[in-house]
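Trainee: pasting the sequence and the predicted model now:
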Amino acid sequence: MKTVDPLYIALDMETDREAIDFLDYHHLASLPVKVGMELFYQSGPAIISSLKERQHPIFLDLKLHDIPTTVKKAMRNLARLDVEVVNVHAQGGIEMIAAAREGLEAGCQGKERPVLLAVTQLTSTDQTMFTEELRQQGTVKESVIHLAQLAKEGGADGVVCSVHEVKAIKEACGDNFLTVTPGIRPEGSDRNDQKRAATPKEAKQEGTDSIVVGRAITAAEHPGKNYQQIVEEWNHD
Ligand SMILES: O=c1ccn([C@@H]2O[C@H](COP(=O)(O)O)[C@@H](O)[C@H]2O)c(=O)[nH]1
């Protein structure tokens, strides 16, 4: 059974220097981190090597979404980076998700295969945007559950979703199907562009496997202190 770390710090800096300086300056050594497009597109595999040298477990969040053949080949290359977690967009469909999994298996060359997640509906999407702008039928939640089922059928180990869909996904796909939830905001903090946000406490109550926290830590005056507070809230029963 695949597992994920309980908290990933989203290193949404635009340069590798900024990311490494941030971790060093705030004494966040060897904690699980998420590397997204903004950092990977600037630095590429070099940032992965630097973080691995520093013993950080890595979630490489590139959200692949293309035809199955392209995704398979891209995943084969990403598997060689030997990170813990990678992802695709579930909207690519079952065949694309299965191709991602095949690519990962082919690329990991005897090492443990990275966890494969599928992004359902971005946490920046709310019901109004879903219905009026994207002209989708039904509710965001129904769509998230449907995409989670497609992800499972395609061979993903879990999904990226909001805290508000976790229980329904676990019911539909089973307890072992992983849920990783961004859009985490401590009580009273700015939501920024996150629409389906939740507190660390709500994340715990809803039973998510992992939370992803960016700005509530990285843009804070005292990132180390905020990290500790979020961990305490998240661990509190
Ligand atoms: O639906 C999604 C998928 C990915 N993300 C990513 O998580 C972090 C959240 O950052 P915050 O600063 O805590 O808002 C960011 O890297 C996103 O790309 C997401 O927010 N929602």
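Mentor: Looks like it came in fine.
Trainee: how far away is the closest residue to the ligand within the chain from Gln127?
Mentor: Going by C-beta to the nearest ligand atom, the ligand is nearest to Gly214 of the chain, at 2.5 Å. Quick note: C-beta positions are derived from backbone N, CA and C, even for glycine. Gly214 sits 23 Å away from Gln127, taking C-beta to C-beta, to the nearest Å as the criterion.
Trainee: that older thread, pLDDT score for the residue of the chain closest to the ligand?
Mentor: Predicted confidence (pLDDT) for Gly214: 98.
Trainee: in three-state terms, label Lys111 for me.
Mentor: Three-state call for Lys111 (DSSP: H, G, I helix; E, B strand; the rest coil): coil.
Trainee: pretty sure it contacts Asp82?
Mentor: Yes - in terms of C-beta atoms under 8 Å, Lys111 counts as a neighbour of Asp82; the distance is 5.9 Å.
Trainee: which of these two has more residues huddled nearby?
Mentor: More crowded of Lys111 and Asp82, by other C-beta atoms under 10 Å: Asp82, with 16 against 10.
Trainee: surely the more buried one and Leu51 touch.
Mentor: No - applying C-beta under 8 Å, one finds Asp82 not in contact with Leu51, separated by 11.3 Å.
Trainee: Thr128 - how many residues pack around it?
Mentor: Using other C-beta under 10 Å, Thr128 has 11 other residues around it.
Trainee: does anything pack onto the helix or strand harbouring it? Which helices or strands?
Mentor: Per DSSP states H and E, Thr128 falls inside helix 127-128. Helices and strands touching helix 127-128, as assessed by 3 or more C-beta pairs under 8 Å, 6 or more residues apart in numbering; DSSP states H and E, are absent.
Trainee: and stretch 87-95, average pLDDT?
Mentor: The average of the pLDDT scores along stretch 87-95 is 98.
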